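K.L.:
need a structure here:
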Amino acid sequence: MKRENWAISIISSVGGGSSGATLAGRLSSNPSVKVLLLEAGPSDGSLKIKVPLGYGSLFYDQKFNWKYETEPEAELNGRRMYWPRGKVLGGSSAINAMVYVRGHQNDFKDWAKVAPSWSWSNVEPLFKKIEAWKGEIPQLGVLVQLAFQMLNVMFIH
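P.N.:
Numbers count the residues shown, from 1 in each chain. Next comes the predicted model:
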């Protein structure tokens, strides 16, 4: 069947995390495409998610967290590392205490060697667009942290 004869395209996006939801949103911008977004976990309506103080309880809550562990690491004398990952609409972004940090510019340079569209010059405008979004309640937009601790500065640089 030729593409022109398709009345409706149905596409499924598995995982309602940041990338899955973004992909579903981008795909649904085409009115001839119907998109089904599948997420294994619940919605992100819990106060544990909506209030940053709830972050600690999400860290080990199997309702919202896959609670992964790495394989045994030789460099850690065979120990495994705990690897929390969001099992909720919003994915791991929903369980990170509402913290947002841009990726380092050098990482994007490395990625652009393989996928040029991931260059810093291409993604920086998207970061600025996200950072300018004011949400449904304009007075609760993105805020810049005012008090910088030395550890924060060292981490970023």
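
K.L.:
sketch out the low-pLDDT regions of the protein for me.
P.N.:
Within the chain, the ranges that satisfy pLDDT under 70 run 1-9, 133-148, 152, 156-157.

K.L.:
ranges for the helices of it?
P.N.:
18-27, 47-50, 55-58, 105-114, 120-132, 150-156 (DSSP state H).

K.L.:
dead centre of the chain: give me the residue that sits there.
P.N.:
Geometric centre of the chain, nearest residue: S18, 3.3 Å, by C-alpha atoms, centre = their mean.

K.L.:
quick one, what contacts it?
P.N.:
G90, G91, S92, S93 (C-beta atoms under 8 Å, 6 or more residues apart in numbering). C-betas here are computed from N, CA, C, even on glycine.

K.L.:
now these as a markdown table including distance to V114 and neighbour count?
P.N.:
Shown next, in a markdown table, are the contacts of S18 (distance: C-beta to C-beta, whole Å; neighbours: other C-beta atoms under 10 Å):
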| residue | distance to V114 | neighbour count |
| --- | --- | --- |
| G90 | 28 | 20 |
| G91 | 24 | 22 |
| S92 | 23 | 16 |
| S93 | 24 | 17 |
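
K.L.:
can you list the residues you listed in a markdown table and add distance to N65?
P.N.:
What follows is these, written out as a markdown table (distance: C-beta to C-beta, whole Å):
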| residue | distance to N65 |
| --- | --- |
| G90 | 12 |
| G91 | 11 |
| S92 | 9 |
| S93 | 13 |
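
K.L.:
pick out the most distant pair among those residues.
P.N.:
Greatest spatial distance in the contacts of S18: G90 and S92, 8.1 Å, computed using C-beta to C-beta.
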